[in-house]
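Engineer: Pasting the sequence and the predicted coordinates here, then a few questions.
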Amino acid sequence: MQAIKSWWFILAFLCGLAFAMVAEELTVRWRDNRLELTAPRVHFLKGKPLELLHNAASVPFNFNVTLWSQNHNHIYARNFESFVISYDLWEEKFKVVKTMSPVGKMEHLTSEAAEAWCMRQMDVPVAGVGGSEPLWLRLEIRAEDGKDGGLFGRGARGSVSDSGISLSSLIEIFSRPAQQQSHWGPYDFGPFTVDELKRSIRRGS
């Protein structure tokens, strides 16, 4: 009996450690009634998309952040964004174009800086959320990889313009299985409350 208890303790410890490692993929901070996301361990400029970029193709990356409140069944807010990323073979730097309003652009970036800039565009408003209300947040990333015409019904090696993609198209992309695209996530954070995030800021100051 003692041996069984020991094994259950070890199993519980390993499960808890695995959960903690997953939770570290996504960090959420409160600032001015918005949730800011960082994910320093999530690297999407790799694999097939990076191969396409190094072959002078522009690659679209689509992000979806979902915020649930109350009971994990009520979607409080969603933030969809579309980015077109290209790579300068001479400078060995990345260019990122945010194609949805308000549009934006950053150039001469390292891969880490390009990934971080995309993440900074994914904040979510929480002005109407109660301080003690339980919240859950999820991040998903999908990218063109050239399979079956990719996200936009075209080969990835074709040039992708900076004009981007409509919100309705993004919603449709994230509503279907991810097998046809390179994808990362879902990365989950929660449950948490706005009050907890505020307290963590005070402790860190």
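Structural biologist: Noted; the coordinates are in hand.

Engineer: use CA for all of it now, contacts and neighbours both
Structural biologist: Will do.

Engineer: For this structure, which segments are assigned as strands?
Structural biologist: Using DSSP state E, the strands found in the chain span residues 27-31, 34-38, 59-69, 74-88, 93-98, 104-109, 124-125, 135-143, 182-192.

Engineer: Which stretch among the ones you listed approaches A116 most closely?
Structural biologist: A116 lies closest to strand 34-38 among the strands of the chain, at 7.3 Å (C-alpha to C-alpha).

Engineer: how about the closest one: buried residues?
Structural biologist: Residues of strand 34-38 classed as buried by neighbour count (16 or more other C-alpha atoms under 10 Å): L35, E36, L37, T38.

Engineer: Check stretch 98-116 too.
Structural biologist: Along stretch 98-116, these residues count as buried under the neighbour rule (16+ other C-alpha under 10 Å): K98, T99, M100, E107, L109, S111, A114, E115, A116.

Engineer: returning to what we had before: tabulate the buried residues of strand 34-38 (TSV), appending pLDDT.
Structural biologist: Output for the buried residues of strand 34-38, formatted as TSV (pLDDT from 0 to 100):
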residue	pLDDT
L35	97
E36	96
L37	95
T38	94
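
Engineer: Serialize those to a markdown table and add fields for distance to G130.
Structural biologist: Output for the buried residues of strand 34-38, formatted as a markdown table (distance: C-alpha to C-alpha, whole Å):
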| residue | distance to G130 |
| --- | --- |
| L35 | 14 |
| E36 | 17 |
| L37 | 20 |
| T38 | 23 |
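
Engineer: From the buried residues of stretch 98-116, which one has the minimum pLDDT?
Structural biologist: In terms of pLDDT, the lowest of the buried residues of stretch 98-116 is M100, showing 90.

Engineer: how close does it get to E144?
Structural biologist: Between M100 and E144 the distance is 17 Å, computed by C-alpha to C-alpha, to the nearest Å.

Engineer: quick revisit: closest to R202 out of the buried residues of stretch 98-116?
Structural biologist: Of all the buried residues of stretch 98-116, R202 sits closest to A116, with 24.2 Å by C-alpha to C-alpha.

Engineer: as a whole number, average confidence for stretch 87-96?
Structural biologist: 97.

Engineer: ok, back up a step: would you format the strands of the chain as CSV with distance to R202 included?
Structural biologist: Output for the strands of the chain, formatted as CSV (distance: least, C-alpha to C-alpha, whole Å):
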stretch, distance to R202
strand 27-31, 11
strand 34-38, 16
strand 59-69, 24
strand 74-88, 26
strand 93-98, 33
strand 104-109, 32
strand 124-125, 20
strand 135-143, 20
strand 182-192, 16
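
Engineer: Can you tell me which of those is nearest to R203?
Structural biologist: Shortest distance between R203 and the strands of the chain, using C-alpha to C-alpha, is found for strand 27-31: 12.8 Å.

Engineer: I am finished for the moment; much appreciated.
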